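Q: Give me a 3D structure for the following:
(one chain, ligands or ions: 2)
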Amino acid sequence: MAEIHLKSLAHSYSDKPTSPSDYAIREMDHVWHQGGAYALLGPSGCGKSTLLNIISGLLAPSEGEVLFDNVRVNELSPKDRNIAQVFQFPVIYDSMTVFDNLAFPLRNAKVPEPKVRAKVNEVAEILELHPVLHNKAKNLTADEKQKVSMGRGLVRDDVSAILFDEPLTVIDPHLKWKLRRKLKQIHEQFNITMVYVTHDQLEASTFADKIAVMYGGQIVQFGTPRELFESPNHTFVGFFIGSPGMNLIEVRRCEGGVSFDGFKVPLSDELNEHLALVPSDNLKIGIRPEFVHIWDGPTDDAFEAQVQHTEDLGTYKIVTFELGGQTLKARMDEDREVPNGRAYVSFPQQWLKLYIDEFLFEEQAR
Ligand code: ADP
Ligand code: MG
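A: Ligands and ions are numbered 1, 2, ... in the order given. Modelled structure (predicted):
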């Protein structure tokens, strides 16, 4: 078991990278602490598999170091790094039985046979593979094969870490939920560092205590699901996390705050002072639909907006409204009446975020 430190790590698949866009992993420093349950979340192509393969040793990074418990492992093979990795598609031996497939990593590590049997039985129990334990793997369903593949990753409790690369992609949705719970259970039982790659925020937040959100080869935020929700560090996190994502509005500086489409949004003195010192014109405000306030009538700080449509989602409603040229969303409790046509909306200061060059500007006092 190990703490995994990625130090000044970067990777380009090109031999002669010339610009940042040539990098699948942009320079990063990151630590996965021993025993954590982590998710690596991001859209397709953002570099998740590349990063995982660098940690396991399947891929040598073009720059920087991978340290396990402060020892450089760049030169070590995947086997010597003692990492278990589960891939998107099953990696199993078709001609072997399920039992022998599960036993393989243990026998390979010269674990005595009685312990092999005990461990295989334990994992088969968790993954509900007992009914097929003595069947040949080639006759299994796709779901069962992937469960065996996961089981092979889970049998050894002496590994440095277990890495999962979108392991539930081929699994039936109902079973997905169950397997995720089981992974969490296994994590709690054995205290092994686990990194779980996914592009699905729900999967990430049900499995992980902390989520690394990846975008364009960078980890743009590493935080608890709540931190990602309440304080997105980057506009991408705001947009990607949440359903629907954060409202993001391009704004310009104006006296006492920022403005868009003729609407003025006042900012605190601290934010205004900071803005005056920043050269960039790439400014956005962000507010989550959950925090947009809809009033029953006009108030001092409410804007007049046009309601476009409402989606009733049972326990709540999502109201789409237009403010100036912007289409924005607000979440309302199911028992509240949605205004017809005209609505009065405001953005509570506490939840209004300012983004400069896509990154959050945080007030010190907050
Ligand atoms: P993810 O797992 O998040 O979908 P990947 O790590 O697979 O992302 O890919 C990151 C980027 O690196 C993508 O732009 C992809 O096209 C590129 N890439 C991945 N593997 C290779 C490879 N073997 N050779 C060249 N480019 C690659
Ligand atoms: Mg991938």
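Q: How much space separates the nearest residue to G35 once chain neighbours are set aside from R117?
A: Spatial nearest neighbour of G35, excluding adjacent residues (C-beta to C-beta, 6 or more residues apart in numbering): N191 at 4.7 Å. For glycine as for every other residue, the C-beta is placed from the backbone atoms N, C-alpha and C. Separation of N191 from R117 (C-beta to C-beta, to the nearest Å): 23 Å.
Q: if we can go back for a sec, the residue nearest to G35 touches G36, doesn't it?
A: No - with contact defined as C-beta atoms under 8 Å, N191 and G36 do not form a contacting pair (9.6 Å).
Q: Look at the two and report which has more neighbours.
A: Higher neighbour count among N191 and G36: G36, with 19 against 14, using other C-beta atoms under 10 Å.
Q: List the contacts of the residue nearest to the more buried one when sequence neighbours are not counted.
A: Closest residue to G36 apart from its sequence neighbours, by C-beta to C-beta, 6+ apart: T193 at 5.7 Å. By C-beta atoms under 8 Å, 6 or more residues apart in numbering, the residues touching T193 are 1-4, 32-36, 38, 160-162.
Q: number of nearby residues for D94?
A: Neighbours around D94, by other C-beta under 10 Å: 12.
Q: Quick check: the gap between it and S149.
A: Distance from D94 to S149, counting by C-beta to C-beta: 12 Å.
Q: ok, now D335?
A: 47 Å.
Q: neighbour-wise, which of those two wins?
A: The neighbour comparison of D335 against S149 (other C-beta under 10 Å) goes to S149, with 21 against 8.
Q: Surely the more buried one forms part of a helix?
A: Yes - the assignment for S149 by DSSP: H, G, I helix; E, B strand; the rest coil puts it in a helix.
Q: what sits against it?
A: S149 sits next to 86-87, 89-92, 167 when contact means C-beta under 8 Å, 6+ apart.
Q: ok, residues contacting the helix or strand that E125 is a member of?
A: Using DSSP states H and E, E125 sits in helix 113-126. Contacts to helix 113-126, defined as C-beta under 8 Å, 6+ apart, come from residues 98-99, 102-103, 106-107, 111, 129-130, 133, 151, 154-157, 182, 185-186.
Q: Quick one, grab the pLDDT at the closest residue to E358 other than its chain neighbours.
A: Nearest non-adjacent residue to E358, counting by C-beta to C-beta, 6+ apart: T235, 4.7 Å away. Predicted confidence (pLDDT) at T235: the value is 98.
Q: ditto for N247
A: 98.
Q: What is the neighbour count of it?
A: When neighbours are defined as other C-beta under 10 Å, N247 has 22 of them.
Q: next one: I92
A: Using other C-beta under 10 Å, I92 has 22 neighbouring residues.
Q: in this structure, which residue is closest to the centre?
A: Nearest to the geometric centre of the chain sits L41, at 2.5 Å (C-alpha atoms, centre = their mean).
Q: From P298, how far off is G223?
A: To P298, G223 is 37 Å away according to C-beta to C-beta.
Q: These two: which has the busier surroundings?
A: Higher neighbour count among G223 and P298: G223, with 17 against 10, using other C-beta under 10 Å.
Q: Residues in a beta bridge with the more buried one, which ones?
A: Beta-bridge pairing of G223 under DSSP bridges involves I211.
Q: for it, what are its contacts?
A: Per C-beta under 8 Å, 6+ apart, neighbours of G223: 210-211, 231, 233.
Q: closest to ligand 1 among those residues?
A: Nearest to ligand 1 out of the contacts of G223 is I211 (C-beta to the nearest ligand atom; 14.4 Å).
Q: for that closest one, what are its contacts?
A: Listed by C-beta under 8 Å, 6+ apart, the contact set of I211 reads 38-41, 204-205, 222-225, 228.
Q: What subset of the residues you listed is buried?
A: 38-41, 204-205, 222-223, 225, 228 (16 or more other C-beta atoms under 10 Å).
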